[in-house]
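**Student:** model the structure of this input:
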Amino acid sequence: MVTGLDAQSMIRTPDQRLRVFVSSTLRELADERRVVRAAIERMQLAAVMFELGARPHPPRDLYRSYLAQSDIFVGIYADSYGWIAPDEQISGLEDEYNLAPRSMPKLIYIKKSTSREARLTELIDRIRADDTAAYLPFENADELENQVGADLAILLAERFDDSRVERWTEQGEVANSLIARVPVPYTTTVGREREIGEVTDLLARGHDRVVSLIGPGGIGKSRLAIEVAIASSASFADGTYFVGLENTLEPDLLLPTIAYALGIRDNGEAALEERISRALEGRRVLLVLDNFEQIVDAAPVLVRLYTVAPTASFLVTSRIVLRIRGEQVYDVRALSIPEPGAPGTLERARQSAAVALFVDRAQAAKPSFQLTEGNAGAVMDICRRLEGLPLAIELAAAKLRILTPGAIAERLQRSLPLLTAAVRDLPERHRTMRATLDWSVDLLAGEDRALLEDLGVFAERFTLDAVEALGVGRPWDGRAIDAVTALIDASLVKQAEVDGRPVLSLLAIVREYALGRLKERGDADRMRAAHADYYTALVRREAGLLRGSSQASTAAALGLELANLRAAVRHLVYTDRLDDAADFAWGLLIYWWIMGLFGGVRVWMLELLDKEQPILPHSRAIAWFFALWGEMWQHPSPEVVAGLAECVRLFTESGDEDAAAMALAARATARVQLPSPDLDTGERELNDAVERLHQVGNGWGEAITRVSLGRVAWLRGSRQDALAHFERASAVAEAGGDLFTRSVAGNQIGRLMLVGGQVAEAEAVFRRTLLDSVTLHHEEGVAYGLEGLCAIAAAHGHARRAGALSAAAAAIRHRIGVFDVEAFTVHALSLDAVRQRDPDAVAAGEREGAQLTVAEAVALALPEAERELATRALAHW
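**Tutor:** Just a heads-up that it's a prediction; the model follows:
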C-alpha cells in the first residue's frame, strides 16, 4: 500500500503525537469518518477532523493551518465532489488535497461507486498519477477501518526503520522536537513582521536575560511571543519551551509550572529550583512565560534561574513590567491604522496592517469577501474605531457572516462610545477592548451569551463533556453543541485537538471578560462550585483506574485536565471546602506521584493548614502528608519522622487503614533517609506497611513499598534479599497492571542482575522497563532503561552503541535535572571497561548519542519486535 513513499520526509520525529488529517465530505461519509478516527486513535495517533461545528466548506485558512500541523494526509472519496463556495473554483475537498505538502505521505481510499460526480472522477484520476500518494479502493466502513489501521502501522514502521541509527555517520540536521512545545497558531499572523524581527534580534544578541512583551489584553502579546519563539529556534539549539501561566494564580506555583513544561518530575527527592537550574545549566534554551502579570511577585525567581543558568533566556508576556534585574521591556503596540481623515480608497486601505488583518479574518469567516473600493472606507473606519487592537478586529471580522462592513461600522459608531464611557476607570485601550467584547457578546443569542459567561470558570482547555455536565439548569441546558458552535463562529471560543481528543478553549482576555460578566450576574460562585463538583466526581471516577491496567491512559487523560484539576482544588480551598479539597488531593496521590507534581499539591495543602477553619482529622493527616513529603527526602529529621507518625495516628483514628499504611511506609522511608539511618526500625515498619496494604487490597501501595524494602536490603549489602524484594514488587505490580512500579522495580532488578553477571536476564528486564517508561511518558525511567541497555551493549563489546546510549541517557538526565550517583555507577563501570578496549568507538558513539532524540535513542536501544510498540507509545508524546 505505501510502497514508493518518500520515507525520509514522511513523518517528523515522533517525540509528540503524530497528527493524521482526514479529508472527506462530512455527511456523505459520516460512518467512514467515524471508523477512520477509531483506527487512527487505536494507533495512539491524533485524528485532525472537523466534527464539532463542521461546515460543508471550512474556511480555507483554518484547514490550511490544520494541514500545516499534520503529518499524514488521509483522503476518503465516494460519490460527491463537495460544495463549491461562492467565488471559488474548486471544492474544499480538492483544495485540501492541493494544499497538502508534496512531502506529506498521502493515503487515499476510494469507495466503489457507479454514480460518482465527474469532477471527483477527475480529481481521483489526478491522484492516481501522483507518485506521492498511495491509493486503494474499499467497499464498506469495516473494510476501510482495517485497511487504514494496517496502512498506518506499515507507514510508521517504514519511518522508524529509516530513522534507525545505523546512519549515525550522516551528520545531517537533527530535528529539534522541543520546538513543537510552542503552540501552532490556527490563523495567520498579520502585520507583525517588524516586531517579530526586533524581538528576535533582542534575544539573539543575548545581552538581555529577560525580554518582556508588555501591553494590554487583546493587543497580541501571546501571538507575538509564539511567532518570535518559532523565528528564534535557530538561536536556541537546545530547545524552546512555552509555559502558559494563565491559570497559575499563586506565585509559589511558578517553579512547579516551569518544571512541568520542562519535563521535570517533582517527586520531592530534590529541591525543585535546584533541579530546574541544573536542567537549564549549560543549555541554550528559550523559555516563553505567557501571562506573567498574575504572579508578578514571583519575578525574582527568574533572576535566580538565569544567574545559575547564564545560557538560558526568558521571553515574558505581561500586562505590567516585571521590574527585575536584566529585564528588557518591549512595548507591544496596536497594528497601524489608517490616518484620521484619510480618503476611504482601496489604495489607502491596503497600507494599513489593521485592515490587512481584518481582511484576512473576514475571508476566513466569509470566503467570498474581498476588499473593494466600495467597502474600503467602512473597513478603515472599523479599524480606526477599534484602535488597531488585533483581537477586537478579529471579533468584528467574524460578524461578516451576518453583517456587511458598512453595518458593522455603523453599529460600532453607535455602540462603542457608549460602552467605553461606562468603563472610564480602565486605561484607554483596555476600555476599547472591553467595549468590543461587550458589543460582540451582545450580538449573541441569549443562551449563547449565557454559555460564554459560564465558560469563564474553565481553565486553559476543556471538553464538551465537561461543558454539558455544567449545563443542568442553565439557560443553554440541552443545546451545548449548538451554543458552542455559535461561539466558535463568533471567534470567542477556539477548538483544537490534544492527544486525539477535541478540546475547547478561550483566550485569556475572553475568559477574564466572561468571568467578570458572570460575577456581575452573581452566578460566579455557583458555577465555580459546579465546576469543582464536576472535577471532584471525575477524580472519584478515574482515580481508581490509576492502580490498574488503565494506568497510562488514565494518567494521560488527567493530564489533559490538569489545569482544571488545579482550578478545582484552588476553589475548594478558597471557599473553605477544606475536607473536600483534602479528599480531592488524596484521590490523585498516584497521579501526583507518577507525574511528579507534588510541589503544587504542597502549596494548596499548606494553604489549607494555614486556614483557621475546623477540618476533619483525616483531612489534617492528608495535608500534613503532602507537606512533609518533600521534607522527608530533602531535609530528613526526627521532626519529619514524628510528623509522619502523627499522620499514621490520624488516619488510623479516622478508620482509613489504607492511608495509615501509606503514611507508615513514608515514616519508615524517612527513618532510612536520616543522617544516621535507623535501618532496623525502618525495615520493620516497611514490612508492617506491606502486610497492611496487602490486607486492604492496595496492590499499588504494596508494590511501591516493597521497592523501598529492596533498597533497605541493598543498603545492608544483601543483594539476594534486595533482588527478592524487587522481584516480588514487580510481580505484584504486573498482576495489577501497574506499569509505573513495574518499571521502577525493573530498573533495580536489572542493576542487581548486572552486578551479579546475569547479562542476558538483565537485558530482558531493561527492555521491558524501557517500554513501560515510554508508555507512561516517564523520561526519567527512559534514561534508566537506556543506561541499563548501555551496560548490556558494553558487556557484549558493542562500544559505539554503548557510548551512544550512555550519551543519550545523559542528555535526558541533563534536560530534566536528574543527577543521582547510584544510577550512573552500574552502567558507568561497564562503559569504562569497553572504553579502555576501544576508546575511539565509544567516543564516536557518545558524539552521536548526544544528538539523538528520545525516539531515536529508544529505536537504537530496542530490537525490531519491540521497536514497533515503542513507536506507538512515542506517538502519544
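
**Student:** which stretches of the stretch 1-150 of the chain form helices?
**Tutor:** Per DSSP state H, counting those that start in this stretch, the stretch 1-150 of the chain carries helices over the ranges 30-42, 60-68, 92-99, 118-128, 141-162.

**Student:** can you tell me which of these the model trusts least?
**Tutor:** Ranked on mean pLDDT, the bottom entry among those is helix 60-68, at a mean of 63.

**Student:** in a strand, that's where residue 219 is, yeah?
**Tutor:** No. Following the definition DSSP: H, G, I helix; E, B strand; the rest coil, residue 219 is coil and is not counted among the residues of a strand.

**Student:** can you give me the pLDDT of it?
**Tutor:** What the model reports for residue 219 is a pLDDT of 92.

**Student:** skipping adjacent residues, who's closest to it in space?
**Tutor:** Computed as C-beta to C-beta, 6 or more residues apart in numbering, the closest residue to residue 219 that is not its neighbour in sequence is residue 332, at 5.3 Å. In short, each C-beta sits where N, CA and C put it, glycine included.

**Student:** do you know how far that neighbour is from residue 612?
**Tutor:** Going from residue 332 to residue 612 by C-beta to C-beta, to the nearest Å gives 43 Å.

**Student:** same deal with residue 453?
**Tutor:** Noted for residue 453: a distance of 33 Å to residue 612, by C-beta to C-beta.

**Student:** lowest-pLDDT helix or strand in the protein?
**Tutor:** Of all regular secondary-structure elements in the chain, judged by mean pLDDT, DSSP states H and E, the least confident is helix 60-68 with a mean of 63.

**Student:** circling back to that earlier point, and of the helices of the stretch 1-150 of the chain, who's closest to residue 437?
**Tutor:** helix 60-68 (22.2 Å; C-beta to C-beta).

**Student:** so what are the domain limits for this structure?
**Tutor:** The chain breaks down into these structural domains: 7-162, 177-331, 346-442, 446-559, 754-877 (assignment by automatic domain parsing).

**Student:** okay, these in a markdown table with mean neighbour count next?
**Tutor:** Listed next are those as a markdown table, based on neighbours: other C-beta atoms under 10 Å:
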| stretch | mean neighbour count |
| --- | --- |
| domain 7-162 | 18 |
| domain 177-331 | 19 |
| domain 346-442 | 20 |
| domain 446-559 | 19 |
| domain 754-877 | 21 |
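
**Student:** turn those domains into CSV, including distance to residue 733.
**Tutor:** As requested, these are exported to CSV (distance: least, C-beta to C-beta, whole Å):
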stretch, distance to residue 733
domain 7-162, 22
domain 177-331, 17
domain 346-442, 50
domain 446-559, 10
domain 754-877, 9
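
**Student:** any idea how far residue 195 is from residue 234?
**Tutor:** Between residue 195 and residue 234 the computed distance is 18 Å (C-beta to C-beta).

**Student:** of all the helices of the stretch 1-150 of the chain, which one comes closest to residue 604?
**Tutor:** helix 30-42 (33.6 Å).

**Student:** elements contacting the closest one?
**Tutor:** strand 19-23, strand 46-48, strand 72-77, helix 141-162 (3 or more C-beta pairs under 8 Å, 6 or more residues apart in numbering; DSSP states H and E).

**Student:** of all these, which one is nearest residue 795?
**Tutor:** The closest approach between residue 795 and any of the helices and strands packed on helix 30-42, judged by C-beta to C-beta, belongs to helix 141-162 at 25.8 Å.

**Student:** secondary structure class for residue 363?
**Tutor:** What three-state DSSP gives for residue 363 is helix.

**Student:** now do the contacts for the residue lying closest to it once chain neighbours are set aside.
**Tutor:** Computed as C-beta to C-beta, 6+ apart, the closest residue to residue 363 that is not its neighbour in sequence is residue 369, at 5.2 Å. With contact taken as C-beta atoms under 8 Å, 6 or more residues apart in numbering, residue 369 is in contact with 359, 362, 363, 400.

**Student:** would you list the phi and psi of residue 369?
**Tutor:** Main-chain dihedrals, residue 369, degrees, to the nearest 10: phi -70, psi 140.

**Student:** mind checking pLDDT for it?
**Tutor:** At residue 369 the predicted local distance difference test score is 94.

**Student:** give me the neighbour count for the residue nearest to residue 219.
**Tutor:** With neighbours defined by other C-beta atoms under 10 Å, the count for residue 332 comes to 21.

**Student:** please apply the same query to the one 5 residues further on.
**Tutor:** A count of neighbours around residue 337, defined by other C-beta under 10 Å, yields 22.

**Student:** quick check: it vs residue 547, distance?
**Tutor:** Using C-beta to C-beta, we find residue 337 at a distance of 59 Å from residue 547.

**Student:** ditto for residue 872
**Tutor:** Distance, residue 872 to residue 547, using C-beta to C-beta: 23 Å.

**Student:** also residue 635?
**Tutor:** Spatial separation of residue 635 from residue 547 under the definition C-beta to C-beta is 30 Å.

**Student:** go on, residue 590?
**Tutor:** As for residue 590, its distance to residue 547 is 7 Å (criterion: C-beta to C-beta).

**Student:** now for the two: what residues contact both?
**Tutor:** Common neighbours of residue 590 and residue 547, using C-beta under 8 Å, 6+ apart, are residue 700.

**Student:** ok so, going back, these two touch, right, the residue nearest to residue 219 and residue 195?
**Tutor:** Yes. Using C-beta atoms under 8 Å, residue 332 is in contact with residue 195, at 7.0 Å.

**Student:** now do the helices in the stretch 201-350 of the chain.
**Tutor:** Taking DSSP H, counting those that start in this stretch as the criterion, the stretch 201-350 of the chain carries its helices at 221-231, 254-262, 272-280, 300-308, 346-349.

**Student:** actually the stretch 551-700 of the chain, not the one I wrote
**Tutor:** Secondary structure of the stretch 551-700 of the chain by DSSP H, counting those that start in this stretch: the helices cover 551-560, 562-574, 578-587, 589-595, 598-610, 617-634, 638-653, 657-673, 679-695, 699-715.

**Student:** now the ones you listed in a markdown table, with mean pLDDT?
**Tutor:** As requested, the helices of the stretch 551-700 of the chain are arranged in a markdown table below (pLDDT from 0 to 100):
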| stretch | mean pLDDT |
| --- | --- |
| helix 551-560 | 91 |
| helix 562-574 | 94 |
| helix 578-587 | 97 |
| helix 589-595 | 94 |
| helix 598-610 | 93 |
| helix 617-634 | 95 |
| helix 638-653 | 97 |
| helix 657-673 | 96 |
| helix 679-695 | 97 |
| helix 699-715 | 95 |
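
**Student:** and the one helix or strand residue 729 maps to, what other elements does it pack with?
**Tutor:** Residue 729 is located in helix 719-736, with elements delineated by DSSP states H and E. Under the contact definition 3+ C-beta pairs under 8 Å, 6+ apart, helix 719-736 sits against helix 699-715, helix 739-755.

**Student:** so for residue 839, which of these sits nearest?
**Tutor:** Go through the helices and strands packed on helix 719-736 one by one with C-beta to C-beta and the one that ends up closest to residue 839 is helix 739-755, at 21.9 Å.

**Student:** using PDB, write out the CA atom coordinates for the closest one.
**Tutor:** Extracted in PDB, the C-alpha atoms of helix 739-755 (Å, rounded to 0.1, in the frame of the first residue of the first chain):
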ATOM      1  CA  LEU A 739       3.400  -0.100  34.800                       C
ATOM      2  CA  PHE A 740       5.000   2.600  36.900                       C
ATOM      3  CA  THR A 741       6.000   0.400  39.800                       C
ATOM      4  CA  ARG A 742       7.000  -2.400  37.500                       C
ATOM      5  CA  SER A 743       9.400  -0.100  35.700                       C
ATOM      6  CA  VAL A 744      10.800   1.300  39.000                       C
ATOM      7  CA  ALA A 745      11.300  -2.200  40.400                       C
ATOM      8  CA  GLY A 746      12.600  -3.500  37.000                       C
ATOM      9  CA  ASN A 747      15.400  -0.900  36.800                       C
ATOM     10  CA  GLN A 748      16.500  -2.000  40.300                       C
ATOM     11  CA  ILE A 749      16.300  -5.700  39.300                       C
ATOM     12  CA  GLY A 750      18.300  -5.000  36.100                       C
ATOM     13  CA  ARG A 751      21.100  -3.300  38.000                       C
ATOM     14  CA  LEU A 752      21.400  -6.100  40.500                       C
ATOM     15  CA  MET A 753      21.500  -8.700  37.800                       C
ATOM     16  CA  LEU A 754      24.300  -6.700  36.100                       C
ATOM     17  CA  VAL A 755      26.200  -6.700  39.300                       C
END
